[in-house]
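Chemist: Any chance you could fold what I've pasted below:
(2 chains)
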Amino acid sequence: MSSQRTSRAHAAGSPGSDAPAPFPPGIDPFIYAPAPESRETARLRTSYQIFVDGRFRDGEGESIKSINPADEEPLAEVSEAGASDVDDAVAAARRAFDGPWSAMPAAQRGKYLFRIARGIQERARELAVLETLDNGKPIKEARDFDIPTAAAHFFYYAGWADKLGHAGLGPDPRPLGVAGQVIPWNFPLLMAAWKIAPALATGNTVVLKPAETTPLTALVLAEIVADADLPPGVVNILPGGPSVGEAVVSHPGIDKVAFTGSTEVGKLIQRATAGTPKRLSLELGGKAANIVFDDAPLDQAVEGIVTGIFFNQGQVCCAGSRLLVQESIAEEVVAALRRRLTTLRIGDPLDKNTDVGAINSPAQLAKIRELAESGEADGATPWSPPCRIPERGYWFPPTIFTGVSPAHRIAREEIFGPVLSVLTFRTPAEAVEKANNTPYGLSAGIWTEKGSRILSVAAQLRAGVVWANTFNRFDPAAPFGGYKESGYGREGGRHGLEAYLDV
Amino acid sequence: MTEVMSVPSAPPLSPQKKPGAIRKGTSAMPVADLSRDTASLRRFLFGLPGVDQAGAESRAAGLATRTIKTTAKAWAIATAISMIDLTTLEGADTPATVRSLCARAMRPDLSYPDTPMVAAVCVYPDLVATAAEALRGSPVRVASVATAFPSGRASLATKLADVREAVAAGANEIDMVMDRGAFLAGRYAEVYDEILAVKTECGPTHLKVILETGELGTLDNVRRASWLALLAGGDFIKTSTGKISPAATPPVALVMLQAAKNFAEMTGQARGVKLAGGIRTTKEAVRYLVMVNEVAGAAWLTRDLFRFGASSLLNDLLLQWHKLTTGAYSGPDYVAVD
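Modeler: Numbers count the residues shown, from 1 in each chain, chains lettered A, B, ... in the order given. The predicted structure follows:
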């Protein structure tokens, strides 16, 4: 029988070693061709206006240029709100609150929210491309996460509007009034949805300030609100810089302040609202521990580590920026992580195959660089996969630091970028101690196949969100918020209603 | 799994070590004694990291969002064609249908003579001689299912006889079915010994071990069965017979590719993965190639290490190739059916 095989010229153990005929010739190996989403889909306009009292108009402030962080090209001129615009917006929100919005049956309010949710879905592609242009995040994330989750938040809270008496917050909880909301640039539309949906569902009216570098999708959301025919003044959107945010927060006509952003600014806001009747909820920074035990499902843990720190270029307040890995498997996990990082695709955020996009602003890039340099200076070892960084735009390669000590700045300070600090531990008690050794307490991750360990460790972690065998998963029904310097108040779920109700 | 070795950039394709070497403890494997008995095998298999089902599903779904266009799609279609084990496993198979299949295997598309040949033709043992005759002189290999395919319910002697006849009739590759009954009952040594015996019977003939993942129930079992088959000397691990649903699914493929990758890291031996059953469209095939590329690595993007067991997939690949080259969809009347 072997003679027959030999005559067929098949090397033993090496089937079909004859190379496939070149077809088509000359293309080798598997290089993914560019697959860019069309920029036209964003329906980008040359200028955008502020939205006050149901109308778009020019603001009193200077106009600001919104830049595409992936190539530093200006995208559009955005009119900035001035002090008088803030006054007008708050007054309009007050009129709407005292007038039609409060008089309306709750089910009707819910109907408006459902309309907004559908409006987001109808313009989902446009919003996704616009978000990618303005923020620098990969289109894959804008398309599959930001926009659908924003719509989901409106759908979720639309359902609550006429059921507030069943939320466990008393038989007839009342709205607070006019909410002033200041949101960050990392998930521009989604953060607007997190703020506006629960506020409207509970019967409040809002004045929202999007971030200076990413105002565009919030202004498209204003169009969706206008198309949904909401009464004028229920939603007002005021793009601008820190001065506009300060004016909104400190305005005497505001009953409730909701802020998502840095701990530093959160502290300023807390001082500004101290001694006033304003209610306050804060969602601030984080330095989450992602704890991998030696009995973890390792392949999935590696995925979770990658999602934890490289999702949205690490510009996520709940990012798993500290990897705590059990010493016995540390080498194996880091090796697997490095291998996985070599498959990450960095580049044009509009390309559907891009995994890691641009950093949102030069200021943020400078902060990431400064902290990464401190990591090296402190003696930790950086590693990045071989990758080609575009020449223009704000870019930072995915980076893993090993040999990190808990005393290093990169183990303590929020980097808000694609930089992971790897620390090790030996016992569950040590893992918990290291995880909790931070002024923050927003999120944490636990990886183990042992259910009892998940429960016992989760109970000891001082973090608002604890993920088990997953990371960076969000659902409108799940409350989100922090301990300690990560803020207070919860967003999402039934708990998210409480931040906007007088209970 | 105690240490991670660097992967050679190109997997060694030289003849593998005799499978018996593992038992004698003469191989480089750090797990020399683990196949001593069921208890040792169980300790090893249950020492492998678990697979989180939700995590594996979400990783597979994430890989499926890759967009493969133009030149990349052309490459993927050509590569997928070259990786097909063109299969007919019907009771109604005749020498004529097998000859027709062999003709298509060697020249899949008359209007595009450059189209690569498929990797192999896969038939029942009694039709091996017919296929071998039809494929004589071509690089297309003859694969035969054996060991009481598809159920695997026969004595070891019968299974070995099945293999012997297929090899004697000219099969270059044997697709055996793993004894799922013994595996699910925890009789790992029995499964191991059977695969080893079949491999010994095969000699240099290539052995693919069908795990029938649709009957294994969990991804943890898929990982353990993959390792068991690889340890026992299987050259390939294969998902399914095609007779059980579900057959090849993305999470199962993910776990098997990961096992092949980890096995290569541990032993330095690159072994292959074959996905069979239910893969009918170009879109699915391209997604699996993306998975091979990003999970096992580009070194696995060769028919020596990756195969599709399929029949109708070939025609869809050809139609998509027509569409890509001419801009128009030619339609199913322009490709041959058996």
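
Chemist: okay, CA-based contacts and neighbour counts for the rest of this
Modeler: OK.

Chemist: where exactly do the strands run in the stretch 51-200 of chain B?
Modeler: Using DSSP state E, counting those that start in this stretch, the strands of the stretch 51-200 of chain B run over B:84-87, B:120-123, B:141-146, B:173-177.

Chemist: For the last one, name the packing helices and strands.
Modeler: Using 3 or more CA pairs under 8 Å, 6 or more residues apart in numbering or on different chains; DSSP states H and E as the contact definition, the elements that strand B:173-177 packs against are strand B:141-146, helix B:156-168, strand B:206-210.

Chemist: one more time with 7 Å, if that's ok
Modeler: strand B:141-146, strand B:206-210 (3 or more CA pairs under 7 Å, 6 or more residues apart in numbering or on different chains; DSSP states H and E).

Chemist: Other residues contacting that strand?
Modeler: B:142-147, B:149-150, B:152, B:205-211 (CA atoms under 7 Å, 6 or more residues apart in numbering or on different chains).

Chemist: re earlier: can you say which of the strands of the stretch 51-200 of chain B is nearest to residue A:476?
Modeler: strand B:84-87 (44.5 Å; CA to CA).

Chemist: name the helices or strands packed onto the closest one?
Modeler: strand B:120-123, strand B:306-310.

Chemist: Can you lay out the ones you listed as JSON lines showing mean pLDDT, distance to residue B:288 and mean neighbour count?
Modeler: As requested, the helices and strands packed on strand B:84-87 are exported to JSON lines (pLDDT from 0 to 100; distance: least, CA to CA, whole Å; neighbours: other CA atoms under 10 Å in any protein chain shown):
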{"stretch": "strand B:120-123", "mean pLDDT": "98", "distance to residue B:288": "19", "mean neighbour count": "30"}
{"stretch": "strand B:306-310", "mean pLDDT": "97", "distance to residue B:288": "9", "mean neighbour count": "27"}
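
Chemist: Would you mind giving the domain segments of chain A?
Modeler: Using automatic domain parsing, the domain ranges for chain A come out as A:39-284+A:487-502, A:289-475.

Chemist: Could you dump those into JSON lines and include distance to residue B:73, mean pLDDT and mean neighbour count?
Modeler: Listed next are those as JSON lines, based on distance: least, CA to CA, whole Å; pLDDT from 0 to 100; neighbours: other CA atoms under 10 Å in any protein chain shown:
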{"stretch": "domain A:39-284+A:487-502", "distance to residue B:73": "19", "mean pLDDT": "97", "mean neighbour count": "22"}
{"stretch": "domain A:289-475", "distance to residue B:73": "14", "mean pLDDT": "98", "mean neighbour count": "21"}
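
Chemist: Include distance to residue B:245 when you put these into JSON lines, please.
Modeler: Shown next, in JSON lines, are the domains of chain A (distance: least, CA to CA, whole Å):
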{"stretch": "domain A:39-284+A:487-502", "distance to residue B:245": "30"}
{"stretch": "domain A:289-475", "distance to residue B:245": "25"}
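
Chemist: Nearest to chain B, out of these?
Modeler: Within the domains of chain A, the stretch nearest chain B is domain A:289-475; the backing value is 4.6 Å (CA to the nearest CA).

Chemist: chain center to the closest one, what's the gap?
Modeler: Offset of domain A:289-475 from its chain centre (CA atoms, centre = their mean, to the nearest Å): 15 Å.

Chemist: tell me how far the ends of that domain are from each other?
Modeler: Domain A:289-475 has an end-to-end distance of 21 Å (criterion: CA to CA, to the nearest Å).

Chemist: wait, does it contact chain B?
Modeler: Yes. With CA under 7 Å from any CA of the partner chain as the criterion, chain B is reached by domain A:289-475 at A:295-298, A:300, A:332, A:343, A:352-353, A:449.

Chemist: hmm, which two among these are most spread apart?
Modeler: Across those (CA to CA), the longest gap, 34.8 Å, separates A:295 and A:352.

Chemist: neighbours of residue B:137, just the number please.
Modeler: For residue B:137, the count of nearby residues is 11 (other CA atoms under 10 Å in any protein chain shown).

Chemist: From residue B:127, how far out is it?
Modeler: According to CA to CA, residue B:137 and residue B:127 sit 18 Å apart.

Chemist: With residue A:494 instead?
Modeler: Taking CA to CA, one finds residue A:494 at 66 Å from residue B:127.

Chemist: How about residue A:362?
Modeler: In terms of CA to CA, residue A:362 sits 68 Å off from residue B:127.

Chemist: In CSV, list the helices and strands packed on strand B:84-87 along with distance to chain A.
Modeler: As requested, the helices and strands packed on strand B:84-87 are exported to CSV (distance: least, CA to the nearest CA, whole Å):
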stretch, distance to chain A
strand B:120-123, 8
strand B:306-310, 11
